[in-house]
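[1] No sequence on hand, only this structure:
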């Protein structure tokens, strides 16, 4: 995981998530949140770039996944952010790769590989739209 100082080069950071906030979300989720995501929110509880990439904070992340029916439409994925333009940033819970998908589609055929890992996404600091634009 990148350090706070490394993340601050590209992202506007928030204070770290409290252990209590993480525990509340895990209780709502009914299991542990993805380890990569928890590790990140322990550094900064949500973050955004000057562009369009935004990583969610821990509070409300389970509800956001429920609102967009991520686990129903895309079992094995967890929404960790968005691109500010209608695409969700998803963590594949099996291979830890990062994908983007239109929030109105939420199907595997519409997903695009965004980064090989959360660390790679954070180093890039951009969504696919920014890279392709």
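    Right, received. Where do you want to start? All figures in this text were calculated on a predicted structure; none of them were measured in a lab. Residues are numbered from 1 along each chain as shown.

[2] secondary structure class for the residue nearest in space to the middle of the chain?
    Note on the chain: the residue nearest the mean C-alpha position is residue 80, at 1.9 Å, using CA atoms, centre = their mean. Secondary structure assignment for residue 80 (DSSP: H, G, I helix; E, B strand; the rest coil): strand.

[3] Pretty sure residue 37 is one of the things it touches, is it not?
    Yes: with contact defined as CB atoms under 8 Å, residue 80 counts as touching residue 37 (5.3 Å). Where C-beta positions appear, they are placed from N, C-alpha and C, glycine not excepted.

[4] who touches both of these two?
    Between them, residue 80 and residue 37 share these contacting residues under CB atoms under 8 Å, 6 or more residues apart in numbering: 61, 91, 118.

[5] Out of the residues you listed, grab the one that's most surrounded.
    residue 61 (26 neighbours; other CB atoms under 10 Å).

[6] Chain neighbours aside, what residue packs nearest to that residue?
    Using CB to CB, 6 or more residues apart in numbering and skipping the chain neighbours, the partner closest in space to residue 61 is residue 25 (6.0 Å).

[7] how deep is that neighbour tucked in, by neighbour count?
    So residue 25, with other CB under 10 Å, has 22 neighbours.

[8] same thing with residue 96?
    If you count neighbours by other CB under 10 Å, residue 96 ends up with 15.
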